[in-house]
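Q: 3D, please:
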Amino acid sequence: MNPTTSPIRTESPAGRPEAAAPETVRVRYADLLDFTSEVFTARGLDPGRAREAARALCYGDLTGFGSHGLVNLTRIYLPQIDEGRIDPRAEPRTVTDRGAAVLIDAGRALGLWMAGAAMDVAVDRAAQYGIGVAAVRGATHLGCAGHHALRAVDRGMIGLVASNCGRQRIARPPGGAVTMLGTNPLSVAAPAGGHPPFVLDMSTTAAPTGRIRRAARAGRPVPDGLLRDDGGAPVTDPAAFDAGRAHLMWLGGEAGQYKGFGLGIAVEVLAALVPGAGLGAHPDALAGDGGPSGRDDDIGFFAMAVAPGALRPGTEVDARTLFGALLACPPADPDRPVRYPGWHEHRRAEEHLRTGVPLDAAVYADLGAVAASVGLSVPGLLEDR
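A: Below you'll find the model as predicted:
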């Protein structure tokens, strides 16, 4: 495309169009994957692990969730490697092996790779036992949880991935005056009988921090129901979050916040309590001033794979029936057909593989700076199609 840029519209997880960043460019997916792999390799990762980490990171941009894509290369992953918070040469070790369930100490390995490796362990055990669990401690930020859950779908299984945020505290308990938990993402992915896979990928807060910060960079307000101030009043200025003038609400908003809060605790139980990772809700948090505190170190993962065919035959046929019926549901609005989580992401990925992956121009400029710092060539731009 013309290097100057073009406006592109993306869609929210529910399929509703979101206003895109004012300036975007398009790059071939394969070029982004090669470039990101080379950057991670230059930082000390084994080439195979670097490739898997690159796939996990580029998945965000490929599926239309730029807040969890390459924007975080220079905002999370490279800085944490340079600070020593991520060990690119870490060799995770098995702490406990009970057959169907395994406990792994990641040793500060790059979460983009480690979460996928944990799911692979869970899938291998599920192939033997019908169900497999890999609980991980000492990990780092995993990117899009849905990418890792989909690894189970690739093997015909159902995948679940939960991740706490280590000791990072962003959200307050309902009625509380101190932040105690992170965004605590959760994903479930399942084969859909020939339809696009089902992929639920969500934070348990009303929005992930990446969405808030992306809006702040673009100078766009966020909708009511995502942020509020210390007095409980709604906040629509996304910059107020990092300025300490607002904190995240739980999924469900004011009326349903206990559901999001409960899901956040459930993730903390599975991903931190089970493997022994850093706890968000901890007496240390009580010494704070009520605002965000702690760092997302010693993150915990819970990866589970279920092989439904091990329990009974016919699950694939039933999945085709289930998801086919959902897609066939008559819409209330003829212009908005019924879709399920994962459908839009699948279609966007197919489109972006054909036409190029859209990136904010500012993110592309960041990639150029990274390329110069490690002696690589930044991926070229595509012409308009």
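Q: got the residue ranges for the strands in the stretch 101-250 of the chain?
A: Listed in chain order, the strands of the stretch 101-250 of the chain (DSSP state E, counting those that start in this stretch) span 101-105, 131-139, 158-163, 186-192, 195-202, 227-228, 234-235, 247-248.
Q: need those in CSV with distance to Glu351, can you?
A: Using the backbone N, CA and C atoms, a C-beta is placed for each residue, glycine as well. Formatted as CSV, the strands of the stretch 101-250 of the chain follow (distance: least, Cβ to Cβ, whole Å):
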stretch, distance to Glu351
strand 101-105, 36
strand 131-139, 32
strand 158-163, 24
strand 186-192, 19
strand 195-202, 13
strand 227-228, 32
strand 234-235, 34
strand 247-248, 31
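Q: what ranges do the helices span in the stretch 51-200 of the chain?
A: Residue ranges of the helices in the stretch 51-200 of the chain, as given by DSSP state H, counting those that start in this stretch, are 78-83, 111-129, 145-153.
Q: Put together CSV for those, with mean pLDDT, distance to Met202 and mean neighbour count on each row.
A: CSV is the format used below for the helices of the stretch 51-200 of the chain (pLDDT from 0 to 100; distance: least, Cβ to Cβ, whole Å; neighbours: other Cβ atoms under 10 Å):
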stretch, mean pLDDT, distance to Met202, mean neighbour count
helix 78-83, 97, 24, 15
helix 111-129, 98, 16, 24
helix 145-153, 98, 8, 28
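Q: re the thing from before, deepest of the strands of the stretch 101-250 of the chain, which one?
A: strand 158-163 (a mean of 28; mean count of other Cβ atoms under 10 Å).
Q: chain center to that one: distance?
A: Using Cα atoms, centre = their mean, to the nearest Å, the mean C-alpha position of strand 158-163 is found 11 Å from that of the whole chain.
Q: so where's the stretch 151-300 of the chain shaky on pLDDT?
A: The stretch 151-300 of the chain contains no residues with pLDDT under 70.
Q: looking at the helices of the stretch 51-200 of the chain, which is closest to Gly290?
A: With distances scored as Cβ to Cβ, the stretch of these nearest to Gly290 is helix 78-83 (25.8 Å).
Q: Just the residues contacting the closest one, thanks.
A: For helix 78-83, the external contacting residues (Cβ atoms under 8 Å, 6 or more residues apart in numbering) are 39, 43-44, 86, 88, 110, 140-141, 370.
Q: if we go to 10 Å?
A: With contact meaning Cβ atoms under 10 Å, 6 or more residues apart in numbering, helix 78-83 is reached by 39-40, 42-45, 72-73, 85-88, 108, 110-111, 140-141, 295-297, 366, 370, 373-374.
Q: Pull out the buried residues from these.
A: The neighbour-count test (16 or more other Cβ atoms under 10 Å) marks 39-40, 42-43, 45, 72-73, 85-88, 108, 110-111, 140-141, 296-297, 366, 370 as buried among the contacts of helix 78-83.
Q: So which of those residues belong to strands?
A: Assignment to strands by DSSP state E places none of the buried ones among the contacts of helix 78-83 there.
Q: circling back to that earlier point, now render the helices of the stretch 51-200 of the chain as CSV, adding distance to Ser203.
A: CSV is the format used below for the helices of the stretch 51-200 of the chain (distance: least, Cβ to Cβ, whole Å):
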stretch, distance to Ser203
helix 78-83, 20
helix 111-129, 15
helix 145-153, 9
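Q: Select, out of the ones you listed, the one closest to Pro330.
A: The nearest among the helices of the stretch 51-200 of the chain, by Cβ to Cβ, is helix 145-153 at 27.9 Å.
Q: Report the angle between that closest one and strand 131-139.
A: Calculated by axes from the mean of the first three to the mean of the last three Cα atoms, to 10 degrees, helix 145-153 forms an angle of 150 degrees with strand 131-139.
Q: same for helix 145-153, what does it pack against?
A: If you count contacts as 3 or more Cβ pairs under 10 Å, 6 or more residues apart in numbering; DSSP states H and E, helix 145-153 packs onto helix 47-62, helix 111-129, strand 158-163, strand 186-192, strand 195-202, strand 299-306, helix 343-355.
Q: could I get those as CSV with distance to Val136?
A: Formatted as CSV, the helices and strands packed on helix 145-153 follow (distance: least, Cβ to Cβ, whole Å):
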stretch, distance to Val136
helix 47-62, 15
helix 111-129, 5
strand 158-163, 9
strand 186-192, 15
strand 195-202, 18
strand 299-306, 4
helix 343-355, 24
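Q: Out of the ones you listed, flag the one nearest Ala152.
A: Using Cβ to Cβ, the helices and strands packed on helix 145-153 put strand 158-163 closest to Ala152, at 2.9 Å.
Q: same for the closest one, what does it pack against?
A: helix 111-129, strand 131-139, helix 145-153, strand 186-192, strand 195-202, helix 253-268, strand 299-306.
Q: in its sheet, what does the fourth one sit against?
A: For strand 186-192, the pairing partners within the sheet under DSSP bridges are strand 158-163 (antiparallel), strand 195-202 (antiparallel).
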